[in-house]
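Chemist: Whatever this is, show me its structure:
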Amino acid sequence: MSTLAILTAAGSGTRLGRDLPKALVELDGVPLVLHAARRLAAAGVVDRLVVTAPAGAAAAVRDLLTADPLVGLPLEVVDGGATRQASVAAGLARAGDDVDVVLVHDAARPFAPAALVRRVVAAVRAGHGAVVPGLPVVDTIKTVSGGEQDAASAHGSERAAGTVEAVTGTPERALLRAVQTPQGFDRALLVRAHAAGAARAAADHLAATDDAGLVEALGERVVVVPGDEAAMKITTERDMHLAALYAGLVA
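Modeler: Below is the predicted model of the structure:
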C-alpha cells in the first residue's frame, strides 16, 4: 500500500495582490508550489504526488516539478476546480486502489517541515482515519452573532463604532487549536466524506474549506497531532515576509 499526497495549488491568491496565481509566486527565487513539493518529498513517506494546478498552468507546473531533482517523486498535475473542495476531489480521483493513505496539503504552506509530514502519516497508519496538525491558540477568541449597524453611527456621531458585532461567547482557549496542513486520511474515509460533501455543496451552495470538516460532517472521529509554526499559511504580503524568515530555517 502507498501514500498519495494531493498538493492544492489552484487558488488565485487575490489577497496576496500579485498578478499570477499564488502557488507560482516566488520566495527566494523558488515558486511556493515547488517549496511545498520539496518538503513533501523530503519527508520520505510520500510515494506519489498529485498537484492541482491553476487554470491554464498545468503544463508549467508539471515542467517545474518534474525538472527539480529535490522532488523526485512520481507525479501528476491536474486542473484544479472552482473551489478548494473541488480541487481536492479532482486530485482524489487520481488515487488508485494501491493507495491507502492520502495527504492533503496546501501550496500556500510552503515550509511545512518533513517531520510534520511524517507525524501526520504515522498517526494515520497507527489507525486514526483522519488526522490534522494543530497549534494551541494564543489569543482569546470570541464568538459573535454577526454584524449590525451601531445606533450612534446611524445618527452620525463622530464617536460611532460603525458596524459592531455582539459577543455570544468566549470558548475555553486551552481547548482550541489552529489547524494546519498536511491533513492525513484513510483513503476510503476521505472518498466517502467527499462524496457526501459534494452533495451538501450542491444543495447549500457552500463548499468546505477543510477536508477534516467533511469527515466531521459524517460523524467520524478526527484527531489532532502537534503542528509546527513553520507550516504557516501565506495569504497576504505580510505573510510572505514572515515566510522568508522560515526559508532559511526549515530543513
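Chemist: Not counting residues beside it along the chain, what's closest to K142?
Modeler: Nearest residue to K142, sequence neighbours excluded (Cβ to Cβ, 6 or more residues apart in numbering): V167, at 4.9 Å. No exception for glycine: its C-beta is placed from N, CA and C like everyone else's.
Chemist: Provide a list of residues in contact with the one you found.
Modeler: 142-145 (Cβ atoms under 8 Å, 6 or more residues apart in numbering).
Chemist: which of those residues sit farthest apart?
Modeler: Using Cβ to Cβ, the two most remote members of these are K142 and S145, lying 10.5 Å apart.
Chemist: still on that earlier bit, from the contacts of V167, which has minimum pLDDT?
Modeler: pLDDT across the contacts of V167 is lowest for S145, at 89.
Chemist: how about the nearest residue to it, chain neighbours excluded?
Modeler: Nearest to S145 is A166, by Cβ to Cβ, 6+ apart, at 4.4 Å.
Chemist: The stretch 101-250 of the chain: helices as residue ranges?
Modeler: Per DSSP state H, counting those that start in this stretch, the stretch 101-250 of the chain carries helices over the ranges 114-125, 151-154, 187-204, 211-217, 237-247.
Chemist: Tell me which of the ones you listed sits nearest to D106.
Modeler: Between D106 and the helices of the stretch 101-250 of the chain, the shortest separation by Cβ to Cβ is 10.6 Å, and it involves helix 211-217.
Chemist: what's that closest one packed up against?
Modeler: Identification of packing neighbours for helix 211-217 by 3 or more Cβ pairs under 8 Å, 6 or more residues apart in numbering; DSSP states H and E yields helix 84-92, strand 130-136, strand 183-186, helix 187-204.
Chemist: Just say which of those is most tucked in.
Modeler: With neighbours defined as mean count of other Cβ atoms under 10 Å, the helices and strands packed on helix 211-217 peak in mean count at strand 183-186, which reaches a mean of 27.
Chemist: where among the helices of the stretch 101-250 of the chain is the average confidence lowest?
Modeler: Per-stretch mean pLDDT for the helices of the stretch 101-250 of the chain is lowest at helix 151-154 (a mean of 51).
Chemist: picking that back up, so which of the contacts of V167 is the closest to A188?
Modeler: For these, the nearest to A188 is T143 (34.3 Å; Cβ to Cβ).
Chemist: Pull the number of nearby residues for the closest one.
Modeler: 11 (other Cβ atoms under 10 Å).
Chemist: Which residues are in contact with it?
Modeler: T143 makes contact with 167-171, according to Cβ under 8 Å, 6+ apart.
Chemist: which residues does it form a beta bridge with?
Modeler: G169 (DSSP bridges).
Chemist: mind checking pLDDT for the residue nearest to S145?
Modeler: 93.
Chemist: overlap in contacts of K142 and S145?
Modeler: 167-168.
Chemist: Could I get the contacting residues of the residue lying closest to T170 once chain neighbours are set aside?
Modeler: Spatially, and ignoring its direct neighbours in sequence, T170 is nearest to K142 (5.7 Å; Cβ to Cβ, 6+ apart). Counting by Cβ under 8 Å, 6+ apart, K142 touches 167-170.
Chemist: Please report the distance of A43 from A115.
Modeler: Look at A43 and A115: by Cβ to Cβ, to the nearest Å, they are 8 Å apart.
Chemist: More neighbours: which of those two?
Modeler: In terms of neighbours (other Cβ under 10 Å), A43 is the more surrounded of A43 and A115; the figures are 21 against 13.
Chemist: which one is the more buried one nearest to, not counting chain neighbours?
Modeler: Of all residues not flanking A43 in the chain, V117 sits nearest, at 3.6 Å (Cβ to Cβ, 6+ apart).
Chemist: Just to check, that neighbour is in contact with A41?
Modeler: No - using Cβ atoms under 8 Å, V117 makes no contact with A41, being 9.4 Å away.
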